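Asks: model the following, please.
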Amino acid sequence: MSMKIPTRNYTYNNFINQIIGQELGPYRTLKISCYLTNFKSWEDGSFSLLDIFKYNGFDVQDLGQVKRLLKSYFDRSIMNEIQAIFYLYLDPNTGILFCFTDEKTDVIKDIFNRILRYEKNIYYMFIGASTFYYVSNNIMKIDDAAECVYFSARHLPSYATRGSIRPNYRRTIVYHGTSGDAFEALKEMRNYYGILPRIMRYRIMDIGEYEIQNIGLFTLRYEYAEETSRLKLLEIVELVLNYIIRQKEILDGAEYKLVPVSTKNKTFNIPTIKPWLVNFSSNLEDDGMENIIRVLNDEDYPLYNYVSEKGGSFRISGTVIDGRKNSLFSIDVKNDQVIVAPLYNCTFDTFLRFFEIIVENIDPEAEIEEVLT
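Replies: Have a look, this model is predicted:
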């Protein structure tokens, strides 16, 4: 049975106190799924966050600073319709949307998928390999009793991270390190096989076991001390957010605008553009250009009117269309970086998905960077 907290008006702190002591059903685990948004309140904008969820079939119930969202889905394992329950809190300062639930991971993904694919100003908190390394180092630095016990990682032949053993083979490696050596094993296998993480698990002695997925989903798999275990889950979420928020700030800073410039006889509108960068972890090889074009088309981000150059180094310049969110941006790709510039109707979610495509298919250790002017 899904987690159901008492119906009343909550402040965020009251709600967290309730969650910390909330009893869960058998085989249920507490999860926090994080979404980046451009909203500062549920009613913000002409098509608000509240409008988005209602339009997509959610029943939204007001619990003060928290919303209870209900949505039915068909469970094939029991061949019956079930109602999923989620508790959402929107941070008015950062625009981060926190979803607390004990639903199954696949249910969370499926129910929120359409919103994330098609609605503007919202996307899941994508976690790349560099963020995983940052988080892993800090979790084990902050808590001496913490150890990494599991990872799921993959390698694609198109990765810039090649590895020394059969780099042209596609592979997925799942590692259970019951002795707590999974992070060390990941670094070793990265060198040998070029794999990069998508899921990682950490165990903290006498507190709990935690899982982080690259879609911004955090799970308390086992809790050994209920209150302490759940507070630690919140700490881990906060640790990742501190890294991700800076990336979003860079994407939010990208802009295209027309600036009026007047002469004696006429006023001209001159376009000014502030781009952002994807910096590759190492220079792409010659086939990198073909891989980028192919991947963008495969991911429904077609590249139009592009010009490509080959030689000692390659270069691609063209226009990318996000047909799902009706956005347009330009890219200028070189061996070591991509310059991304907005052209029409761009919000951070269009850019973040582009970055995700690069990380998931070309260079898992690529980084978002600001263009300094």
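Asks: what's near enough to touch the residue nearest to N38 when sequence neighbours are not counted?
Replies: The shortest distance from N38 to any non-neighbouring residue, by C-beta to C-beta, 6 or more residues apart in numbering, is to N121 (4.1 Å). All C-beta spots, glycine's among them, are computed from the backbone N, C-alpha and C. By C-beta atoms under 8 Å, 6 or more residues apart in numbering, N121 lies in contact with 37-39, 45, 347-349.
Asks: redo that, cut-off 10 Å
Replies: By C-beta atoms under 10 Å, 6 or more residues apart in numbering, the contact set of N121 is 36-39, 44-45, 47-49, 52, 95, 325, 347-349.
Asks: which among those end up buried?
Replies: Buried members of those, scored by 16 or more other C-beta atoms under 10 Å, are 36-39, 44, 49, 52, 95, 325, 347-349.
Asks: so which of those residues comes closest to I173?
Replies: Taking C-beta to C-beta as the measure, I173 lies nearest L36 of the buried ones among the contacts of N121, at 29.0 Å.
Asks: quick one: strands adjacent to the helix or strand where that closest one lies?
Replies: Element membership for L36, per DSSP states H and E: strand 31-37. With DSSP bridges as the test, strand 31-37 is paired with strand 96-101 (antiparallel), strand 122-124 (antiparallel), strand 217-223 (antiparallel).
Asks: chain center to it, what's the gap?
Replies: Put simply, strand 31-37 sits 9 Å off its chain's centre (C-alpha atoms, centre = their mean, to the nearest Å).
Asks: again, but for stretch 366-373
Replies: Per C-alpha atoms, centre = their mean, the displacement of stretch 366-373 from the mean C-alpha position of its chain is 18 Å.
Asks: which residues does it contact?
Replies: Here stretch 366-373 makes contact (C-beta under 10 Å, 6+ apart) with 128-131, 160, 244, 246-251, 253-254, 273-282, 337-341, 351-352, 355, 358-359.
Asks: filter those residues down to just the ones in helices.
Replies: In this view, the contacts of stretch 366-373 that belong to helices under DSSP state H are 129-131, 244, 246-251, 253, 351-352, 355, 358-359.
Asks: quick one: low-confidence ranges for the chain?
Replies: For the chain, applying pLDDT under 70 flags the ranges 1, 311-313, 373.
Asks: domain parsing for it?
Replies: Per automatic domain parsing, the structural domains of the chain span 12-123, 129-251, 254-370.
Asks: tabulate these (TSV), appending distance to M3.
Replies: Shown next, in TSV, are the domains of the chain (distance: least, C-beta to C-beta, whole Å):
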stretch	distance to M3
domain 12-123	4
domain 129-251	12
domain 254-370	28
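Asks: any idea how far F329 lies from F314?
Replies: 20 Å (C-beta to C-beta, to the nearest Å).
Asks: go on, E235?
Replies: Distance from E235 to F314, by C-beta to C-beta: 44 Å.
Asks: the more surrounded of these two?
Replies: F314 (19 against 12; other C-beta atoms under 10 Å).
Asks: once you drop chain neighbours, what's closest to that one?
Replies: Looking at F314 with C-beta to C-beta, 6+ apart, the closest residue is M289, at 4.5 Å.
Asks: burial count for the one you found?
Replies: Neighbours of M289 under the rule other C-beta under 10 Å: 21.
Asks: then S317?
Replies: Neighbours of S317 using other C-beta under 10 Å come to 16.
Asks: residues in contact with V240?
Replies: Contacts of V240 were listed using C-beta under 10 Å, 6+ apart, and they are 34, 125, 127, 131-132, 134-135, 138-139, 212, 216, 218.
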